[in-house]
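Colleague: pasted the sequence and its predicted model underneath.
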Amino acid sequence: MSLKESGKRDGFTSKFGIIAAAAGSAIGLGNIWRFPYVVGENGGGAFLLVYLGFVLLLGIPVMLSEFVIGRKAKRNTFGAFKEIAPGTLWPIIGVMGIVAAFVILAFYSTIAGWTLHYLYISVINGFQGRDTAELTLMFEKFQISTFLPVFWQMIFIILTAVIILSGVKKGIEKYSKILMPFLLLLLVALSVRSVTLPGSFEGLVFLFKPDFTKLDSTVILGALGQAFFSLSIGMGALITYSSYFPSRTNLSNTAFEVSIADVVIAILAGIAIFPAMFSLGMQPEQGGAGLIFMVLPNVFLQIPGGYFISIAFFILLSIAALTSSISIMEVVVAFLVEEFNILRRYATLITAFAAAFVGVFCTLSWGAFENVTIGGRNIFDMLDFTASNVLLPVGGLLIVIFVGWYMSHADVKDEMSNQGALKLQVFGVFRFLIKFIAPVAIAIIFLNAIGILN
Ligand code: TRP
């Protein structure tokens, strides 16, 4: 008997709880850590514009497709495809999602570990009295070391596992609900300080003025990967979450609201970083994965109450990372629990151990394993690239094809309209996007970037 039939399946409760949980998954290090550094590496404004286009035309439709699948099947990512398309190969999408979940957990926990360490540095007032060069050096020394980054990474993975263990309702909903609005406020405050620093205007120009000569197939694939990563789509995290949504949730509105919130937070992070960066005389492509950890301490030092603001910032960023990592770990845990009947406790333990094992290699990418590279990419970059720019877009492509071409029109419509209770205003647009635009666009971007089309 499946969990669904036994009626014991855990679920989300309030409307705000649902949006908060989905937004909690979407909003995380992807917005605040990853977005600024990939914008920096990919030339600024033009990348931003392409990214926004992708969120609107591809991201929101993929997210809504995941919601439709998850809530219809009420199963984990793999089980959902088995339920809707029994006896077919579609559940392979679920397998890909589980692989992607491991890969993402591994490198995500590296950066979350850095965040926890920077929280600790904030608490001990460790930025005080250091200039820009010293702050950069402090980060670089930490990044290449062995013990501390791995230690904090393990703490993060344990925290994620503890929340997962407390179950869906009590765990995810409670932690997601309260804190995101505070993060938004803090980012506004940091942005205000950043744009009022001397020489900061160039940063806004970099972020908002598109220079289309900067676009090539790699940059475009990067924008697609960033859109998918940031929205948590393409690997079934939102299939898993929407399997816990009640039948009254308005799926289209939820997809729209979550995506808008996600974009707003990313752009705010950009405004907090780039003006400050130009003011400090740093180059946008310079920071790499360490960008925010090098730039933001400089901003904290120039803000009244910076000591407290830096603590609050790293606490909130850690929590944003947690509400995202639980959505990633939940994909694997729900799969193990529902498909193999493993107790939730053990499923969580197995997943956490496996993620920690792969994760250590990521964390040591700049230190002990710096010589392990493929095509100039270290282990961290390889895993990030494989997940964000390959697994998620391919997963998203298959998901829209599944909803657009395999599922019946009537089923999709029933799910989106809550069995006819809601009036569907944009159904035609959505259908057109998932049947034609999204599959063709993703395929072209992808083939172009790996050089098959040219
Ligand atoms: N979107 C999250 C962030 O921006 C990360 C994340 C959570 C994710 N769940 C995911 C990324 C599923 C890809 C797929 O930090």
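Modeller: Great, that's in hand. Residues are numbered from 1 along each chain as shown.
Colleague: need the per-residue pLDDT for the residue in the stretch 351-454 of the chain positioned nearest to the ligand.
Modeller: Residue nearest to the ligand within the stretch 351-454 of the chain (CB to the nearest ligand atom): residue 392, separated by 5.9 Å. Using the backbone N, CA and C atoms, a C-beta is placed for each residue, glycine as well. pLDDT recorded at residue 392 is 97.
Colleague: with residue 449 instead?
Modeller: For residue 449, the predicted pLDDT is 86.
Colleague: who's in contact with the residue nearest to it when sequence neighbours are not counted?
Modeller: Across the structure, with CB to CB, 6 or more residues apart in numbering as the measure, the residue nearest residue 449 apart from its sequence neighbours is residue 221 (3.7 Å). With contacts defined as CB atoms under 8 Å, 6 or more residues apart in numbering, residue 221 is in contact with 389, 393, 445, 446, 448, 449.
Colleague: can you tell me the helix or strand for the residue of the stretch 251-400 of the chain at minimum distance from the ligand?
Modeller: Nearest residue of the stretch 251-400 of the chain to the ligand (CB to the nearest ligand atom) works out as residue 324 at 3.9 Å. Using DSSP states H and E, residue 324 falls within helix 306-340.
Colleague: state the distance from the residue nearest to residue 449 to residue 335.
Modeller: Relative to residue 335, residue 221 is positioned 28 Å away (criterion: CB to CB, to the nearest Å).
Colleague: buried ones in stretch 83-95, by neighbour count?
Modeller: Residues 83, 84, 85, 90, 91, 93, 94 are the ones in stretch 83-95 that count as buried (16 or more other CB atoms under 10 Å).
Colleague: can you pull the contacts of the closest residue to the first one other than its chain neighbours?
Modeller: Excluding its sequence neighbours, the residue lying closest to residue 83 (CB to CB, 6+ apart) is residue 73, at 4.2 Å. Going by CB under 8 Å, 6+ apart, residue 73 touches 79, 80, 81, 83, 84, 239, 243.
Colleague: check the closest residue to the fifth one other than its chain neighbours and give its pLDDT.
Modeller: Taking CB to CB, 6+ apart, and ignoring the residues beside it in sequence, residue 84 has residue 73 as its nearest neighbour in space, at 5.4 Å. On pLDDT, residue 73 comes in at 97.
Colleague: which stretch of helix or strand covers the spatially most central residue of the chain?
Modeller: The residue lying closest to the centre of the chain (CA atoms, centre = their mean) is residue 230, at 3.8 Å. In the assignment (DSSP H and E), residue 230 maps to helix 217-231.
Colleague: and the pLDDT for residue 11?
Modeller: Residue-level confidence at residue 11 comes out at 76, pLDDT.
Colleague: thought it was touching residue 246?
Modeller: Yes - the pair residue 11 and residue 246 qualifies as a contact (CB atoms under 8 Å) at a distance of 6.3 Å.
Colleague: how much space separates the spatially closest residue to residue 85 that is not a sequence neighbour from residue 58?
Modeller: Sequence neighbours aside, residue 406 is the residue nearest to residue 85 in space, at 6.2 Å (criterion: CB to CB, 6+ apart). In this structure, residue 406 lies at 19 Å from residue 58, with CB to CB as the measure.
Colleague: between these two, which is the more surrounded one?
Modeller: residue 58 (27 against 13; other CB atoms under 10 Å).
Colleague: between the strand or helix carrying residue 153 and helix 306-340, how big is the angle?
Modeller: For residue 153, the element it lies in under DSSP H and E is helix 147-165. With axes from the mean of the first three to the mean of the last three CA atoms, to 10 degrees as the basis, helix 147-165 and helix 306-340 are set at 60 degrees to each other.
Colleague: ok, helix 147-165 near the ligand or not?
Modeller: No - judged by CB under 6 Å from any ligand atom, helix 147-165 and the ligand are separated, with a smallest distance of 11.1 Å.
Colleague: next helix or strand past that helix?
Modeller: On the C-terminal side of helix 147-165, the nearest following helix or strand under DSSP H and E is helix 174-195.
Colleague: now check that next one, is it near the ligand?
Modeller: No - on the criterion CB under 6 Å from any ligand atom, helix 174-195 is out of touch with the ligand, staying 12.0 Å away.
Colleague: quick one, that helix and helix 147-165 angle?
Modeller: Here the directions of helix 174-195 and helix 147-165 differ by 140 degrees (the same axes, to 10 degrees).
Colleague: what residues sit buried inside helix 174-195?
Modeller: By neighbour count, with 16+ other CB under 10 Å as the criterion, the buried positions of helix 174-195 are 175-177, 179-180, 183-184, 186-187, 189-191, 193-195.
Colleague: next, the contact list for residue 291, please.
Modeller: When contacts are counted by CB under 8 Å, 6+ apart, residue 291 touches 33, 36, 37, 40, 273, 277.
Colleague: got a list of what the residue nearest to residue 306 when sequence neighbours are not counted touches?
Modeller: Excluding its sequence neighbours, the residue lying closest to residue 306 (CB to CB, 6+ apart) is residue 300, at 4.1 Å. Under the criterion of CB under 8 Å, 6+ apart, the contact list for residue 300 reads 122, 127, 306, 307, 309, 310, 313.
Colleague: make it 6 Å
Modeller: In this structure, residue 300 makes contact with 306, 309, 310, judged by CB atoms under 6 Å, 6 or more residues apart in numbering.
Colleague: and it, how close does it get to residue 127?
Modeller: Spatial separation of residue 300 from residue 127 under the definition CB to CB is 6 Å.
Colleague: swap in residue 351?
Modeller: According to CB to CB, residue 351 and residue 127 sit 35 Å apart.
Colleague: remind me which residues of the stretch 351-454 of the chain are low pLDDT?
Modeller: With pLDDT under 70 as the threshold, the stretch 351-454 of the chain has low-confidence stretches at 452-454.
Colleague: and the helices in it, which stretches?
Modeller: Under the criterion DSSP state H, counting those that start in this stretch, the stretch 351-454 of the chain contains helices at 379-385, 392-401, 409-416, 427-432, 438-449.
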